[in-house]
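Novice: prediction below, plus the sequence it came from.
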Amino acid sequence: MPDAVLKVATYNVNSVRARLELVLEWLRREAPDILCLQETKVQDKDFPEEPFREAGYHVVFRGRKAHAGVAIVSQEKPLEVAFGLDDGGPSAGSGEGKSDEARLVRAVIRGIPVVNTYVPQGRSLDSLHFRYKLEWLARLRALFEQHYSPQEPLLWMGDFNVAPEPMDVHNPKRLKKHVDFHPEARAALERVREWGFVDVFRLHHPDEPGQYTFWDYRAREALERGLGWRVDHIWTTEPLARKATRAWIDVEARRAERPSDHTFLVAEFAT
């Protein structure tokens, strides 16, 4: 008998209500076991839960009006659901609030812990928001240290708002002072990776520049001109990375009518 396949994906939806039909169509076509959404931009009371259930999916979510928001959509019911960083840390003047629950949701699905994050963007290098981003990533590593083990399967997905390597941005020289590619942001993310993560996309595409998941709306014909960033990621611990069979970016979703500025990143695992 062939191994069962676990298909997972992550997508910064940039408003789940605005992109609902796009997401539902993608679910019907691709049938992932798990889809992590970020930047849902909707309060919990207004989240369009029923259409996902009608499509055969469970969904857990936490959001805020017009800002942030995360959700996990899954074929199997998620267990042990929790939201936010649980250290009670400060908001560092960012206005996020102490719990910051609309940026992180975690659960156990098919026996595998899943963490979905929408890492703070940082706004500008001289702002408290950037300091908060760096602190948030440090606190995230502490969460992994407290609750998980690099020797056990763990799946971390989401919009990390950091491009890890020069090949992950279209112009590394010009963008080196951008909050999503600044050396401090990259170092902060690297410290989390060093806990025990493997970048599953790079595992299968180690030397391929020009592989992006985000193209800014504000740049004219950004997709066509290749003005992209790889800031959306699927990372796993080594035991799960060994079972990864492929990973890819679904660029076509960025060409859809009224798309998000991001697109779907997908990976499959033999389980």
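Specialist: Done, it's in. This one's a predicted model, so the numbers in the text were calculated from it and none came from an experiment. Numbers count the residues shown, from 1 in each chain.
Novice: please tell me I have it right and P183 contacts P172.
Specialist: No - judged on Cβ atoms under 8 Å, P183 makes no contact with P172 at a distance of 11.1 Å. For every residue, glycine as well, the C-beta is placed using N, CA and C.
Novice: more neighbours, these two?
Specialist: Neighbour comparison, P183 and P172: the larger count goes to P172, with 15 against 9 (by other Cβ atoms under 10 Å).
Novice: pretty sure the more buried one sits against P166.
Specialist: Yes - judged on Cβ under 8 Å, P172 makes contact with P166 at a distance of 3.9 Å.
Novice: and the helices in the stretch 51-200 of the chain, which stretches?
Specialist: Secondary structure of the stretch 51-200 of the chain, counting by DSSP state H, counting those that start in this stretch: helices at 128-147, 183-193, 200-204.
Novice: which of those sits closest to K176?
Specialist: Among the helices of the stretch 51-200 of the chain, the nearest to K176 by Cβ to Cβ is helix 183-193 (7.3 Å).
Novice: that closest one - contacts with which helices or strands?
Specialist: Counting contacts by 3 or more Cβ pairs under 8 Å, 6 or more residues apart in numbering; DSSP states H and E, helix 183-193 is packed against helix 128-147.
Novice: not counting the helix it packs on itself, show me its contacts.
Specialist: 85-87, 89, 91-94, 96, 100, 103-104, 113, 115, 117, 119-124, 154, 156, 161, 179, 182, 184-185, 188-189, 191-192, 195-196 (Cβ atoms under 8 Å, 6 or more residues apart in numbering).
Novice: over to stretch 264-271?
Specialist: Contacts to stretch 264-271, defined as Cβ under 8 Å, 6+ apart, come from residues 3-11, 26, 30, 32, 110, 157, 200-201, 213, 232-234, 240, 243-250, 253.
Novice: for those, which PyMOL command selects only the ones that are buried?
Specialist: Burial among the contacts of stretch 264-271 is assessed by 16 or more other Cβ atoms under 10 Å; the matching PyMOL selection reads:
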select buried, resi 6+7+8+9+10+11+26+32+110+157+200+201+213+232+233+234+240+244+247+249+250+253
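Novice: go through the contacts of helix 128-147 and flag which are in strands.
Specialist: Counted as lying in strands by DSSP state E, out of the contacts of helix 128-147, are 104, 113, 115, 117, 156.
Novice: neighbours of the closest residue to D44 other than its chain neighbours, how many?
Specialist: Leaving aside its chain neighbours, D44 sits nearest to G63 (5.8 Å; criterion: Cβ to Cβ, 6 or more residues apart in numbering). For G63, the neighbour count with other Cβ under 10 Å is 24.
Novice: what's the answer for L125, then?
Specialist: Counted by other Cβ under 10 Å, the residues lying close to L125 total 14.
Novice: next: S15.
Specialist: With other Cβ under 10 Å as criterion, S15 counts 15.
Novice: secondary structure class for it?
Specialist: Assigned with DSSP: H, G, I helix; E, B strand; the rest coil, S15 falls in the coil class.
Novice: go ahead and confirm E39 touches N14.
Specialist: Yes - when contacts are counted by Cβ under 8 Å, E39 is listed as touching N14 (5.2 Å).
Novice: looking at the two, which is more packed in?
Specialist: More neighbours surround E39 than the other of E39 and N14, with 26 against 19 (other Cβ under 10 Å).
Novice: from K176, how far out is that one?
Specialist: As for E39, its distance to K176 is 25 Å (criterion: Cβ to Cβ, to the nearest Å).
Novice: again, but for E54
Specialist: 46 Å.
Novice: neighbour count winner among these two?
Specialist: Neighbours per residue, other Cβ under 10 Å: of E54 and K176, the larger number sits with K176, 13 against 9.
Novice: that one against E184, yeah?
Specialist: No - using Cβ under 8 Å, K176 is not in contact with E184, being 11.0 Å away.
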